Structure formats: C-alpha cells, structure tokens
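**Student:** I need the structure of the sequence given here:
(chains A and B)
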Amino acid sequence: MIKVLIIDDEYPARLRMKKLLEIHSHQLEMVGEADGGRQAIQKIETLRPQAIFLDIQMPDMSGFEVLEQLTYQPMVIFTTAYSEYAIQAFETFSVDYLVKPIAVTRLKTAIDKLLKFSAAQQTAPDFDQLKTLLDNIQQKPIPQAFALPIKKRDRIIFIDFEDIAYFKAEDKYAVAMMKDGKQHLLSKSLGQLAGELPINFARVHRSFIVNRTFIIELEKYFKGSYLLKLRDQANTEIKTGESYSGQLKEWMGI
Amino acid sequence: MNKAAIYISLFFGLFFLLSLGRTYNDYLEDSKGVAEKRSIKYVKLQKAQAVAWPMEDDVFVVHDSTAQKTRTYLVDTPPSSTQVSRICVNTTDLGAERPAQLMADAVRKQLVFQDTLYLMQEGREALLGQVNNFRGRRMLITNPGPFWLQLLDGPLIIFLLALLSLIFTRTLVKIANRLLKQETKHLFNLLGLLALLSFLQLGFISPWNIEKGTANFMWLFTSIFPLYFIYHWINKRYLAMKSTADRELGRFMIIFWGVMIFPILGIGIGSLLTHETLREAIAPTGFFHEGLSMFYLAFTLAAANLVYNLLHNALRWRSNEKELQQSQAQVLASEAELNALQASVNPHFLYNSLNSIASLAQVDPESTEKMALALSSFYQYTTNRKEEHLATVEQELEMLNNYLAIEKIRFGDRLIYEVDCAEAAKKAILPRFILQPLVENAIKYGYDAEKDKINIRIVIQQAGLQTKIQIFDNGVPFKENMSIGYGLRSVSKKLKLLFPNRSSLSYYNRPQKHALITIEQVTKA
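**Tutor:** Residues are numbered from 1 along each chain as shown, chains lettered A, B, ... in the order given. Next comes the predicted model:
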C-alpha cells in the first residue's frame, strides 16, 4: 500500500482527486491533503507519504518550490491545468503528469507507473535540473511586446510602440517621442532600451533610436550619413550617425 | 425657450437701446436748436488765440493760452464771404446792440489777440472792440452724419477693435507658449489690454489729448489690471462648472460693471496728477454724458468678450465634432480589430471552471449548478452576438459578479472580493469586457502571502463626466518592467479605439496597489 498525499489549492480539484482515488483504494492509501505550498511541506515532512499528487500553480508557491524545500523526496505526479508543461522532459523527472480535469483512465495509467516506480526503487529524480528546465520553458511564451511600461511619478502607464516615432537621448536617460508630439521621460538610457525594443526600432545615431514605420523619406547626407524624415506631427528630421550607416543600410534593406 | 436665447435677446435689445440713446444724445447736441436750451458755459479768456482750424464753417477753435486749454466754439450763423461770423457772445464793452463779430477771414489768418479779441469786419482788419468778457458755448467735436452711421460709428469701431485684439492676443499667446514652452496667457492678455485701452483712451475718450490721455493712464493700472485678475479668479472659481449661457452672462457682468465702476477709482487717482478737480476728472462733459460714454464703453467691451468667447466655443465644438466624427470613423474602420479583440477570455479559465464543475458534480450539486449557470451567463456576455462594443457599467458588473462567483467556488475562503459602485456610475458607458481581464490579473497577482488571502476590491465612481474605475488587490506591487498579457493589452486597445484621448489606464502602487481606468463620457450634443 502506497501512502499518497493530495496537494491542490482548489477545493473542487482536491475533492475530485479524492473521489477518483477511491477506485484505487486497494493500491493507494490517502493519508492527507494540503491546500497550499506551506501546508504541503508541513504535511509531507510529518506524514512522509511515498507519493504525492502535486499541483503546480498554487498561490503561495509553485509545486516546484515545494519540492525544492523538501528534505524528503517522495515520488511525484504533477497535476496541472496547463498543457504547455506537458513535455517529454516531465516524464524523465516525475512519475507522470496529469492535465486537469483528470480523466479516470489517465489516472489509472499514472498510478500503474507509480507502482512500477515504487517497485523498482528508483533514486529520487533531480528536481533542481527539472526546475531549471521548466524555468527556461516558462520564459518561452514571451508575449510579443506591444507597449512600453513607463514609470511616472506615482504610477505606471503603458505607451504603445506603434505610437512612438523615435527615442532620443537626454543626458543619461531616454525620452520617448510620440507621434502626436508628446514626450515621455524614461528611467533607462538608450543603450539599455535598445535591447528591449521590437525589431522595427533601430539605433541610427548615438542619441537616436528610430521607429522604421515612421520614416517616410531617406535622404543622402554627408559622409555616409542620412537624413531621415519622419511622419510624426512635428515632421522631425533626424540625421543618422556616420558610424551607424552600415547597420542602417542593413536594417532599412538598402 | 432656453436660457441662451433669452440672454441673447436681452443683450441685443440693450445694445440697440444704448446705441439709440447715445446717438440721439449726440444728435441733439449737434442740432443747433437745442443750443439755447442747454446750459451755456461761460468762459473768461485772458489771452486767446484763434486758431485757423475750422472744423466746420460754423465751428472754430480757440486756444486759451493762459489756461493752456483748447476749446471749440460754435458759431451760430454760417459765414459767407461778405457776411460776418458771429459768436454767440455778449460783450458789455461793445454794447448789447452791436454783438461782437468775428469774421471768418480773421480766423483763417491766425491772428493773435492779446487781452482782447480782435473782431474783424468785411475783410478789413480793424479793431472793433475789446472783449473782456468773452462768452461762448463750448461743445465737443462730433462728426454728424446720417443717423444710422452715428448709430454704429463709435461703438462698432470699439467693438471690432476689442474683438480683433482678443483674437490677436490669443494667437500671440499660442505662439509664445509654444516657443517659450511656458504659459504666457496673462502676460500677453495684460499687454493686449493695455494696448487696446491706451488706443481707446487716445482715440475716443480724450481724443488726441496727450496730456489728459497720459494722466488718465492711471485708470488703466489702478482699475483695469485688478479687474482682469478679478475676472479670471471669479471665472475659475464660480463659472467653470456652469452652462455656457450662465458662464457668459457672468463674464459679461464682471466686465460691464467692472469697467463702469473701477475706472472711477483710477481716474480719481489720475486727477491728483493733473490737478483737476475730481468732478472735472470724472465727468468733464457732464455726468450724464460721461456716464453714458462709460456705459457704452463697458457694454462694448463686455460684448466683444462675449462674442469672442462664443466664437471660440463654436469653433471648439466644431473641432470636437470633427474629432468625434474622426473617432467614429476610426471605430468603423477598426470594427474588424474590435471584433478580433472580443473573445479574449483566458481559455484556462474555462478549463479550470469545467474541471471544478466535474469535480463537484457528484458531491456538491448545488455549487455545481451555480457554477454552471454562472459560467453560462458569463459566456453569453463574452460571445457578444449583437456585435456591440460598448456596455454600461451595470452590465459589466453583472458579468464580473458571475466571473467572481465562479472563482470564489474554486478558491473558497482564500478569495475575498468586494464590488463598490456609485449609483451615478451605473449608467456610464465603457468598452465591453474591460473589467474582467483586470480583475483576472488582480487575482493572479493579488495573493497576500502574509494573510494567505487574495483580496480584491473594485470601486467605481462618477465625477461629472469622468468615470473612475479602480481595481485594488493586496498582492506584490506592480514592477516597472511588468509585462502585460493579451488580456490587459486588449483592455488598453479597446480604450484607445473607443475613447481616444478620453481615457487612461495606469497602474499604481501607492497609496494602495491598484489599476486605474478613467473614461470621459461623451456628452449628448
């Protein structure tokens, strides 16, 4: 009989899990349930279950953080509502993962795996490696940035990139110049900004980063530099820096 | 009949009556018949110089060199080459049966008289007699013309001048503001006022009389400048909130009564400089006449300001209307975009809710039913069959309550929420489905580790035309490099498309962490 602990922050989910496990009551003994990370750690340490059904998204800490903090490593079956965590690597590091809502048959498969694991007495998986891997994956869906957060005196606002004609450097900080003429001072320098902007922004001068969608004309200037005419309200003209001309040509596709 | 119409008719009626009164008054003055009935001012001239400056054939100017005054006198019969021009003069020395006469020729030759007034007859210079008591009747120079011209003449010019100077000053202020990047309104307004009134002073009030004009300059500083600031103060404090009609009436009254009363103070001070008596300074041509002139000036200036403000308002409405049209055009053009933004509910919400329903089905049928129904209502709202992009606050809150009820079943006691909506805000309009993404975000990041709770509060208020929506949570503060997901992005996009330049979305950490949406409602025309 394998002792198991159910960990999930949602009451209906725990309820369902308990009900489903009743079918396997000859193989598994449910010793307790936890409604959050802290409670989970406490109960795992005291009750020492051999296996846990661990939810990943919990308000106080994630399932991984729970594992990190355990001194005792049980066998783990992850439960999650998010299928993006469902990758092959999971299977290497955990016994199984279950996507909520959990189907009866899928649970059976997971429990069979658990019993096999237990019998085989495998060493506890390396959760640190798993954590790093999943951290990287979690970085993945970076939503395409549409807006730039700007900290004002007492609040944060977002300005859409499509409204920014160009950025200019003022002392150590950058200023976002909007198409309607408004200006926003940023707490970053141009250099720091450059790495965070969408591809239609490029640095054309020591003091300027321009939004390509605002360029209406490109005029050849002296010594390899160009004069860019923008379609903002002020009809700004920006002279590019000579040292940037190579990058500029590539960026503009000329 | 609305207020504005009443005010306008009062205004024009008063203006017309005033003009009539003033013109008639001047007309009466001009007509010779009245001369005798009016009080005659007697002047004792010590040294007189007849200046060759006949305005009309029967008017001439006498410069009293002792008193340093120039006066105009009316001759009561028009001269001809042979006839003599007579002044209505009584000279005791010459005898009553031979009234002193002044030939028109003599006047033209600019002869100087000392102690006596040489009177000429029939082209020959001859001393007819000495005049010790010279009596004449003083009058103001007027330009009699057709009645309708007199009606419009002075007032119309002042009105147009004032109007033009207002327009000019406003344009100047706009340019200066842009160049200097500073608010220059008051500076240029005062300069403009100074210029206008100086011009009026010299041109109309004390016509081309530099000395008197300069002395009475005092009234500008002591009266009009304070009046200007009083105008702006009252305007800001009491009139800003009122309807156009009330506001313009208020402004009119301030200028009118201000110009009527304040200059008396100024002129009073000015009289100290010119050593005139107060009475002379304030009403050199008599109280009635002077009073009427001031009345006129006050009215004309107030009227010019009124007309200017109305024009300015009308132009602004025009451009607002254009802006409204443009934004309506944008809405039409962005229909596709808005439609695409419609179903922007996080799909995980559906998974989670259905999972919960499945879990509770056998154990807690009541909660199951509640959840299923709430979910159904919620999705009915989000699918937006009628393709409406706007909703009332009331409708949004209904949807939100469904959403929160569902989340409450899932999170149980861990989730605490409160919705507080002012009665006045319930009918306000906002883009459909902008509250849920923010509340979802608040729940996602609103976990308070200390209390082990997710505490959400939604507060909606209405102040005038502005709807203010705040979504508080007790979670970790917003970070400067916070990223916004698809849901929040759709909120900002919808605000931009449906309420361009009238809405805002910002994130505050102080005094309490909250997201703030403001929407300026559109007034009905």
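
**Student:** enumerate the residues of the stretch 1-150 of chain B near chain A.
**Tutor:** Within the stretch 1-150 of chain B, no position is near chain A by CB under 8 Å from any CB of the partner chain. All C-beta atoms are positioned from the backbone trio N, CA, C, and that covers glycine.

**Student:** for chain A, what is the nearest residue in the stretch 51-200 of chain B?
**Tutor:** Using CB to the nearest CB, the closest approach of the stretch 51-200 of chain B to chain A is made by B:R178 at 10.1 Å.

**Student:** counting by contacts, list what the host helix or strand of that residue packs against.
**Tutor:** Element membership for B:R178 (DSSP states H and E) is helix B:147-180. Helix B:147-180 is packed against helix B:3-30, helix B:185-200, helix B:287-333, with contacts defined by 3 or more CB pairs under 8 Å, 6 or more residues apart in numbering or on different chains; DSSP states H and E.

**Student:** and B:D420, how far from B:I469?
**Tutor:** Here the criterion is CB to CB, to the nearest Å. By it, B:D420 lies 11 Å from B:I469.

**Student:** give the residues shared as contacts by the two.
**Tutor:** Taking CB atoms under 8 Å, 6 or more residues apart in numbering or on different chains as the criterion, B:D420 and B:I469 both touch B:I458, B:V459, B:I460.

**Student:** ok, what's across the strand from the second one?
**Tutor:** Translated: B:V459. Beta bridges link B:V459 to B:D420, B:Q470, judged by DSSP bridges.

**Student:** so which bits of chain A are right by chain B?
**Tutor:** So chain A meets chain B at A:9-13, A:15-16, A:19, A:35-36, A:59-60, A:81-82, A:100-101, A:142-143, A:145-147, A:149, A:151-152, A:154-158, A:160, A:187 (CB under 8 Å from any CB).

**Student:** which residue packs closest to the residue of the stretch 101-250 of chain A found nearest chain B, ignoring adjacent ones?
**Tutor:** Across the stretch 101-250 of chain A, the shortest distance to chain B (CB to the nearest CB) belongs to A:P101, at 3.7 Å. Once flanking residues are discounted, A:P101 sits nearest to B:N355: 3.7 Å by CB to CB, 6 or more residues apart in numbering or on different chains.

**Student:** coming back round to it: quick check: angle from the helix holding B:R178 to helix B:287-333?
**Tutor:** Per axes from the mean of the first three to the mean of the last three CA atoms, to 10 degrees, the angle that helix B:147-180 makes with helix B:287-333 is 50 degrees.

**Student:** show me the shaky parts of the stretch 251-400 of chain B.
**Tutor:** Along the stretch 251-400 of chain B, the parts satisfying pLDDT under 70 run over B:265-293, B:327, B:329-333, B:336, B:340-344, B:384-387.

**Student:** mind running it again at 90?
**Tutor:** Along the stretch 251-400 of chain B, segments meeting pLDDT under 90 span B:251-367, B:370-371, B:377-391.

**Student:** chain A contacts on that one?
**Tutor:** Contact residues (CB under 8 Å from any CB) of the stretch 251-400 of chain B with chain A: B:348, B:351-352, B:354-360, B:362-364, B:367.

**Student:** just the buried residues of the residues you listed.
**Tutor:** B:Y351, B:N352, B:N355, B:S356, B:I357, B:A358, B:S359, B:L360, B:D364, B:S367 (16 or more other CB atoms under 10 Å in any protein chain shown).

**Student:** among these, name the ones in strands.
**Tutor:** With strands taken from DSSP state E, there is no overlap with these.

**Student:** let me know the closest of those to B:H186.
**Tutor:** B:N352 (60.4 Å; CB to CB).

**Student:** gap between the closest one and B:V345?
**Tutor:** Per CB to CB, B:N352 is found 12 Å from B:V345.

**Student:** just the buried ones among the residues of the stretch 251-400 of chain B next to chain A: which are in helices?
**Tutor:** When those are checked against helices (DSSP state H), the matches are B:Y351, B:N352, B:N355, B:S356, B:I357, B:A358, B:S359, B:L360, B:S367.

**Student:** buried subset of the residues of chain A next to chain B as a PyMOL selection?
**Tutor:** In PyMOL syntax, the buried subset of the residues of chain A next to chain B is picked out as below (16+ other CB under 10 Å):
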select buried, chain A and resi 9+10+11+12+13+15+16+35+36+59+60+81+100+101+146+147+149+151+155+156+157+158
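
**Student:** apart from its neighbours in sequence, what residue is nearest B:L430?
**Tutor:** Spatial nearest neighbour of B:L430, chain neighbours left out: B:I519 (5.6 Å); criterion: CB to CB, 6+ apart.

**Student:** which SSE is the one you found in?
**Tutor:** Secondary structure assigned from DSSP H and E places B:I519 in strand B:514-520.

**Student:** buried sites along that strand?
**Tutor:** The neighbour-count check on strand B:514-520 (16+ other CB under 10 Å) flags B:H514, B:A515, B:L516, B:I517, B:T518, B:I519 as buried.

**Student:** CA-only coordinates of it in PDB, if you can.
**Tutor:** This file holds the C-alpha atoms of strand B:514-520, laid out as PDB (Å, rounded to 0.1, in the frame of the first residue of the first chain):
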ATOM      1  CA  HIS B 514      -4.500  49.300  -7.900                       C
ATOM      2  CA  ALA B 515      -5.200  49.600 -11.600                       C
ATOM      3  CA  LEU B 516      -7.000  52.700 -12.600                       C
ATOM      4  CA  ILE B 517      -9.200  53.300 -15.700                       C
ATOM      5  CA  THR B 518     -10.600  56.700 -16.300                       C
ATOM      6  CA  ILE B 519     -13.100  57.400 -19.100                       C
ATOM      7  CA  GLU B 520     -14.500  60.700 -20.000                       C
END
